[in-house]
Every structure is written in structure tokens, then in C-alpha cells.
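just to be clear, the model below is a prediction. Sequence and coordinates:
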Amino acid sequence: MSTSAEAAIAELAVTGLDLDYQGLPVLIDLRFALASGEHLAVLGPSGCGKSTLLRLLTGLETPDRGRILWRGTDVTGQSGRFPLMGQQDLLLPWSRLWENVGLPLLLRGQRRPEVRAQVAQLLEVFGLEGFMDYYPSQLSGGMRQRAALARTTVASRSGLGSELLLLDEPFAALDVLGRAHLQEWLAGLLQKQRATMVLVTHSVEEALLLSSRVIVLSSAGGRILLDEPVAFAGAEFGEKAWLPEFLAQKKRVLDVLLEKGLTFKLS
Amino acid sequence: MPLWPKVSRVRFSWGWASIPALVVLWQGILWVTGWPEYLLPGPMAVVRTLWNDAPLWLGALGSTLTLTALGFALALAFALMAGLALDASERLRQLAHPVILLSQTIPVFFLYPFLLITLGFGALPLIVVVFLACFFPLLINFLQGLQATEVAYLDLFRTLGASGWATVVRLKVPWALPSLLAGLRLSLTYAITACVLGEYLGAREGLGVYMARAFRSFAPAKVLAAIVVVSVLTGVLFASVGLFEKQILKGRNL
């Protein structure tokens, strides 16, 4: 299928993105398309431009060349459409939990009682019921990340009906147990909700557990070294990591990351 | 992640016994050495003067407080507006920077004789000197707080499609609040000092006038009494800002 045909039917299409940073190419001619409800994980060595890709998608950066299309509409360089969740929870320390989660609605001028009621309905899904009036400093790290994710969901829903979740190492600041717990929880949430997702991570395991497709970028210029579906995406979460296909794919992805990633870096 | 400077608050503990201890020591030294009271009055003489002169200094206190409050309120209002304007415009900041620097090189009290000549004896020069003493510390602290807003948070607000004004109200001002409150405490002390010193240099009423008269009539107990009043007043204001801070920053650093 040609790229333009792909772009026409895709939920999200990235066509030939170029971005230089202080004369150094960060991304060269990056192109891919996502179908609605697809969960994409982007892997790559540090400095490969995977975080930059998310900053481009959310509109914080504008590419030097190339376009980003959302359902055929050009959204290149437009912020305020797709929320981005990063490593830091970025909760406002002076606001209570419900105000933090409902921030996107408050920013749109919705009335406080309405926002409060809306957030109250949402909190159970995020395992935060009963903590409405807590300040961020009173919550654990895992709870704060869940609150940040809840805020991201609220923002993507209240936007243009465009449910695109952009996640940049969302659980990297947590300890191993906390991360495992939230991964399982997010996998469940993704199954229930029809959102399209782009997840940037440095963990191959996290990528394979949470996505339906993986892309590996090269260290220089963010070229796509590998682009393949996650074969066992439908399997039970707890079983996934022990499936032979999982281990085989993990090895394949790791090989690409280590060998090609490194050769590109050295050359 | 060190987001917030810890709010320093006055805490009452056994350490506060040092103040009465100093007072007792002072009185004790006078008793032992037998210094004449007209040269160095003791705490008891000061208390006696405070009691006898109460109608005088209470009236003066009222006048001083009113003018200080007026000048301070004006300074706060203008500092808030100027802070927001300067934060919004890089060009304005560049223009204002030399003025702010210049303001830091002129001790405000030296301006008072000039203000007296230009504005005449009365309330106006006092309000202006209080305003000048408070405006710049308030502005500098507020602006620094606004400008210190973390970029990651500004990015978050952009990705959420927040308007410029919403970003100021919901992010920048709350972010700058601890810094503004620090400026508030600092400038309250300046405000009282500016007002009393102005009154001392030339005015019709106020604690400074009371002090000047006491000095001219060679009554050290009265001078000390006025100092005690100023000190207590400053302490009370300081403590109320502390309480206000505690209320307003509730939940931030637990």
C-alpha cells in the first residue's frame, strides 16, 4: 500500500517528518500510520528522537518538514489537541486531586461543581475513589501517576472527541513493583477503552506488554529499524510474559536495539 | 523534586525564654551598677512610660498604622499589576530592568527630605515613602516567582490548550505565591520603618513624631517606649503574615 493511501484511511498519519536541533538531525523523514484503536510502542536508544516524536505529535514542537494528519486533518504544530503524559506526574501541588484530574475541564471554563461530579465518576476506574480531596503530596507515587493518567484521559476525551493518548515513559519514575502493577492496570484500561495510543518506552518488555505494534528507531535520525505487530496482543496479561512468542519477539527486538542501534551510534 | 521552598515559620518553644531573660538581665545590670535612669532607663521605667503615655502613643500608633497600611496596600496592588505585565512582555522587562536596578541603589529614606519639599508636610509624602520602600521588594519577589515557573508545567498547560490568562491564573500566580509572601514579610518591615523614620524626619503626628519629641526633650524612656511599640507592631504583623501563609499554602508541603 502506498503511503498516501495509508494516510487517507489512517487515524493518525505521520508523513516524512524532519526535525533538526541546533543543526543536528533528530528525525529524518519519519513516516508511519496508525489505525484507530491501535496501540503503538516506540523503542530506541536514548537520543533517538522518540521523546521528540511525542513532542511533535502533541504540538510542542513544529517539524522542519513533513506533516501530522489526524483523520485526514493537518494538525502539525497545533498544541491543545492531544495531551501528553510524561515521566513526571506534573500535578499542581496546590490543587486537590479532583481539581488536578479535572484541570482540562476547568481550563475550558466548566463550572467547578460539574467538574467535581464528572471526576468523581471517573476515579473508580483509576483506583483513586475516596481520595477526591487529597493534595498530591498526600498520595503515593503510583497514585500520582494514575491521577496524571486520569487527567490525560479527561483531556483527550474533552478535546475533539479524539482519543489519542501520548505516553512518554509514564511509569519510569516508579519502583519495579509499582511499575508492574500499573502496567497490568493500564493494559486492562486499554482493553476496555477505545483509545489510540503512542507509548514511548525504553523497556522492551513494557512495549510488548502494552502495545499491539512496536517500532524501533535508530539512534541517528530516528530511522525505523523494525516495525511489526505484537502477535500475542490478545493474550491474558499475566500469561503474556511467559509465552514463547513473547520471548522470541523480545529477543528479536532486543537484537535490533543492541546491534543496529549500536552500529548506527558508532558510525 | 524540590518544587517548593519550605515555608519558614516562627515556632514558639522554650527558646523564647531568652527574651524575658534579657529584660531581667538589663534591669539587673542597672540595679547593680546604679546607672541614672535619665541616661539609661530600665525595663520598669519603659513600662511605666508606656502606661503613663498610653493616650499619646496610641494616637500616634493609629496614625502610623493608617499611613503604613495605605502605602503598603498601594504598593502591593501596583506590584501585582506590574509583575504580571513584566512577566508577560520581554520588552517591558528589558525596559524595567535598569529602573529596578537603580531603585536598589537609592536608599528610600534619603528621598524623604525631597518628598517633603515637593509634596509638603502631611500624609502624602509618608504614603509615598512607604510605597517606594515596599513596591520594589514586592515586585522583584513576585516577578522572580512568576518567571521561575517550571517549563514542564508550562508545556503541560500548552498541551491542554490553556489560554494565556488561564495559565497565569491557574499556574503562574500560584507558583509565585510563596515567593510573593516572602516579599510581603520583608516589605512589611520596610513599610513600618519607612513610615516611622519619615515621621521622625518631619511630620505632624505618628510614632516617629512621638520619638522625635522624646529625643528633643531628652527623655530616653520615651524613645525606648516608642521602639518597643514599633517592635511589637512589626512582630504582630510578621506573625499574621505567617498565619496567612500557613492558611494559603495549606497542603503544599506536608
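Noted; the coordinates are in hand. Owing to the predicted nature of the structure, the values given are computational and were not obtained by experimental measurement.

residue contacts, the residue of the stretch 51-200 of chain A at minimum distance from chain B?
Distance from chain B to each residue of the stretch 51-200 of chain A (CB to the nearest CB) is smallest for A:Gly80, at 2.5 Å. C-beta here means a position set from N, CA and C on the backbone, and glycine is covered the same way. A:Gly80 sits next to A:Gly59, A:Gly159, B:Arg158, B:Thr159, B:Leu160, B:Gly161, B:Ala162 when contact means CB atoms under 8 Å, 6 or more residues apart in numbering or on different chains.

do you know how far B:Ala45 is from chain A?
50 Å (CB to the nearest CB, to the nearest Å).

so that residue makes contact with B:Pro36?
No. Here B:Ala45 lies out of contact with B:Pro36, judged by CB atoms under 8 Å, at a distance of 10.8 Å.

give me the three-state assignment for the residue positioned nearest the centre of chain A.
Nearest to the geometric centre of chain A sits A:Leu167, at 2.4 Å (CA atoms, centre = their mean). Secondary structure of A:Leu167, reduced to three states by DSSP: H, G, I helix; E, B strand; the rest coil: strand.

just the helices in the stretch 1-150 of chain B please.
In chain order, the stretch 1-150 of chain B shows helices spanning B:18-33, B:43-52, B:54-88, B:90-105, B:112-119, B:123-147, with DSSP state H, counting those that start in this stretch as the criterion.

what's near enough to touch residue 188?
Unless you meant another one, I'm taking chain A. By CB under 8 Å, 6+ apart, the residues touching A:Gly188 are A:Phe237.

that's the other chain; I wanted chain B
B:Leu188 sits next to B:Phe72, B:Cys134, B:Thr234, B:Leu237, B:Phe238, B:Val241 when contact means CB under 8 Å, 6+ apart.

try 7 Å this time
If a contact means CB atoms under 7 Å, 6 or more residues apart in numbering or on different chains, then B:Leu188 has B:Phe72, B:Leu237, B:Phe238, B:Val241 as its contacts.

what's the closest non-adjacent residue to the closest residue to chain A within chain B?
Nearest to chain A in chain B, going by CB to the nearest CB, is B:Gly161, at a distance of 2.5 Å. If you skip the residues right next to it in sequence, B:Gly161 has A:Gly80 as its closest partner in space, 2.5 Å away by CB to CB, 6 or more residues apart in numbering or on different chains.

which residues in chain A form helices?
With DSSP state H as the criterion, chain A has helices at A:3-9, A:50-58, A:97-101, A:103-107, A:112-122, A:141-158, A:176-192, A:204-210, A:237-240, A:244-255, A:261-266.

tabulate these (JSON lines), appending distance to B:Met81.
Below are the helices of chain A laid out as JSON lines (distance: least, CB to CB, whole Å):
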{"stretch": "helix A:3-9", "distance to B:Met81": "49"}
{"stretch": "helix A:50-58", "distance to B:Met81": "33"}
{"stretch": "helix A:97-101", "distance to B:Met81": "26"}
{"stretch": "helix A:103-107", "distance to B:Met81": "23"}
{"stretch": "helix A:112-122", "distance to B:Met81": "26"}
{"stretch": "helix A:141-158", "distance to B:Met81": "32"}
{"stretch": "helix A:176-192", "distance to B:Met81": "45"}
{"stretch": "helix A:204-210", "distance to B:Met81": "49"}
{"stretch": "helix A:237-240", "distance to B:Met81": "55"}
{"stretch": "helix A:244-255", "distance to B:Met81": "57"}
{"stretch": "helix A:261-266", "distance to B:Met81": "53"}
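
now the residue nearest to B:Gly161: phi and psi?
The phi and psi torsions at A:Gly80 (degrees, to the nearest 10) take the values phi 90, psi 0.

ok, B:Arg155 - how many residues close by?
Small correction: residue B:155 is Asp, not Arg. When neighbours are defined as other CB atoms under 10 Å in any protein chain shown, B:Asp155 has 17 of them.

the helix or strand encompassing it - what's its average pLDDT?
B:Asp155 is part of helix B:151-159, with elements assigned from DSSP states H and E. Averaging pLDDT along helix B:151-159 gives 94.

okay, the angle between it and helix A:50-58?
With axes from the mean of the first three to the mean of the last three CA atoms, to 10 degrees as the criterion, the two stretches helix B:151-159 and helix A:50-58 enclose an angle of 30 degrees.

what element comes up after helix B:151-159 heading to the C-terminus?
Following the chain from helix B:151-159 toward its C-terminal end, the next helix or strand by DSSP H and E is helix B:164-167.

picking that back up, which one of the helices of chain A has the lowest average pLDDT?
The stretch with the lowest mean pLDDT among the helices of chain A is helix A:261-266, which comes in at a mean of 50.

ok so, going back, the residue of chain B closest to chain A: what's it in contact with?
Taking CB under 7 Å, 6+ apart as the test, what B:Gly161 contacts is A:Ser79, A:Gly80, A:Leu107.

next up, the contacts around the last one.
This means A:Leu107. A:Leu107 makes contact with B:Leu160, B:Gly161, B:Ala162, B:Ala166 under the criterion CB under 7 Å, 6+ apart.

most surrounded residue in the residues you listed?
Using other CB under 10 Å as the neighbour definition, the contacts of A:Leu107 reach their maximum at B:Leu160, which records 26 neighbours.

which strand or helix spans the residue nearest the centre of chain B?
The C-alpha lying nearest the average C-alpha coordinate of chain B belongs to B:Leu188 (CA atoms, centre = their mean; 1.5 Å). When elements are defined using DSSP H and E, B:Leu188 is found to belong to helix B:173-201.

looking at the helices of chain A, which is closest to A:Asp133?
helix A:97-101 (6.9 Å; CB to CB).
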